[in-house]
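Participant: return atomic coordinates for the entry below.
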Amino acid sequence: MENITIGEKYVCQPVGASKPVIGVVEKLYVNTALIVVSSYEEDQAQVEACNRRMIVSFNKICTQTNVA
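Facilitator: This is a model prediction of the structure:
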């Protein structure tokens, strides 16, 4: 995906999560991004086990958001 910006919030589905989350991009890799999860509805155990940092494939980053 093009135009993914470090420091911006996106709705995305991290590897291992069953539902989308909202996260801030911390680092970009070749085909993935590292996000810090700021909001989620499910997968609390998975999110907390990863210390709120999860990997997301670029094609699983849906939209940029301005949600607080």
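Participant: could you use CA atoms for every contact and neighbour count after this?
Facilitator: Noted.
Participant: list the contacts of G16.
Facilitator: Taking CA atoms under 8 Å, 6 or more residues apart in numbering, we find G16 in contact with Q46.
Participant: helix, strand or coil for it?
Facilitator: At G16 the chain is in coil, as set by DSSP: H, G, I helix; E, B strand; the rest coil.
Participant: and E26, helix, strand or coil?
Facilitator: Recorded secondary structure, E26: strand (three-state DSSP).
Participant: isn't it right next to A33, touching?
Facilitator: Yes - between E26 and A33 a contact is recorded at 7.4 Å, counting by CA atoms under 8 Å.
Participant: neighbour-wise, which of those two wins?
Facilitator: With other CA atoms under 10 Å as the criterion, E26 and A33 differ in neighbour count, and A33 comes out ahead with 23 against 16.
Participant: could you measure the residue lying closest to the more buried one once chain neighbours are set aside against K9, distance?
Facilitator: The spatially closest residue to A33, leaving aside those adjacent along the chain, is V56, at 5.3 Å (CA to CA, 6 or more residues apart in numbering). Per CA to CA, to the nearest Å, V56 is found 13 Å from K9.
Participant: look up how far K27 lies from F58.
Facilitator: Counting by CA to CA - F58 and K27 are separated by 12 Å.
Participant: please apply the same query to A17.
Facilitator: The gap separating A17 from K27 is 19 Å, by CA to CA.
Participant: which one of those two has more residues nearby?
Facilitator: Here A17 and K27 are compared on neighbour count by other CA under 10 Å; more neighbours surround A17, at 18 against 14.
Participant: which residues touch the closest residue in space to that one that isn't next to it in sequence?
Facilitator: Sequence neighbours aside, D43 is the residue nearest to A17 in space, at 6.2 Å (criterion: CA to CA, 6+ apart). Residues in contact with D43 (CA under 8 Å, 6+ apart) are 17-19.
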